[in-house]
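Enquirer: quick one, what's the 3D model for this:
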Amino acid sequence: MLMRLSINSIYKATEGEGVLVGSPQIFIRFQGCNIGCVNCDSKDTWSFLENGNITMEEIFAKLRDLGGEKIKRVSITGGDPLHPSLINQTITLIKELKNRRYWVNIEAAGTRLPHEVFDQVDFISFDYKTPSTGVKTSVKLLSKLIEQYPNRHQVKSVIADREDFQNALAAYREIAGEEETLLPTSTWVLTPCYEPHEEFSGKRFQNILQWNEDEGGPFRVIGQQHKWVYGPAEKQV
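Expert: Okay, here's the model as predicted:
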């Protein structure tokens, strides 16, 4: 019996955030997530499917249509591709992508550290959830990621206000220790958030830049390029 995967969408776009910003990729977005971030911009991916809706061969046919032999970078996102009910699908997909010589990034919500997935991918985008998301990331879990996958990951935090910034800074300092030796083995990116119906908040961006400068620049502040170019409500860009 053919495995059917629970997929929300597959689309080609240039990465708009984080250290990979500006890189054309094909995104495979899983369907199903129970993390519940307050400021999630993909709530249509939250509900779970009773059964998968697409076969592996259909996925690769879509990849060929979108990228041909030119775009061989894939970002697996969600939803939550690391949810226990989806992780076997994710592992099977990653193995087949690597067999077909794709470069693979996994978007991780920061709630789990599944080595059976992380050991196989080329890059890990790992969230550190700030208070405005309504979700908490374990600092111990984040520390293990940084220690076990040096130079193969980024940490991403959405920042809405000074409380979010201070929370991320406290976690950074807890992990880095007195000598603050976290970098360059880890790259921690702060992303200024968009509030509902907000086109752009230059003031929030300026504040975060200043806060980071005042602390000596432990983070990289990188905005969401795709939202500037296409508008904050546009999907699959």
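Enquirer: pLDDT below threshold where in the protein?
Expert: For the chain, the stretches flagged by pLDDT under 70 are 1, 178-185, 196.
Enquirer: and the most centrally placed residue in it, which of the three is it?
Expert: Nearest to the geometric centre of the chain sits E107, at 3.6 Å (Cα atoms, centre = their mean). Secondary structure assignment for E107 (DSSP: H, G, I helix; E, B strand; the rest coil): strand.
Enquirer: tell me what it is bridged to.
Expert: Beta-bridge partners recorded for E107 (DSSP bridges): S125.
Enquirer: residues near G202, how many?
Expert: By other Cβ atoms under 10 Å, 8 other residues sit near G202. Just so you know, the C-beta spots here come from the backbone N, C-alpha and C atoms, and that holds for glycine as well.
Enquirer: check I124 too.
Expert: 19.
Enquirer: correct me, but it touches F118?
Expert: Yes - taking contacts as Cβ atoms under 8 Å, I124 lies within contact range of F118: 5.6 Å.
Enquirer: give me the common contacts of the two.
Expert: I106, A108, L145, Y149 (Cβ atoms under 8 Å, 6 or more residues apart in numbering).
Enquirer: so what does T92 have for phi and psi?
Expert: phi -60, psi -40 (degrees, to the nearest 10).
Enquirer: could the shared contacts of I124 and F118 go into JSON lines alongside neighbour count and distance to S85?
Expert: Shown next, in JSON lines, are these (neighbours: other Cβ atoms under 10 Å; distance: Cβ to Cβ, whole Å):
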{"residue": "I106", "neighbour count": "24", "distance to S85": "17"}
{"residue": "A108", "neighbour count": "25", "distance to S85": "16"}
{"residue": "L145", "neighbour count": "21", "distance to S85": "22"}
{"residue": "Y149", "neighbour count": "19", "distance to S85": "24"}
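Enquirer: any idea which of those is closest to C40?
Expert: Using Cβ to Cβ, A108 is the member of the shared contacts of I124 and F118 that lies nearest C40, at 14.8 Å.
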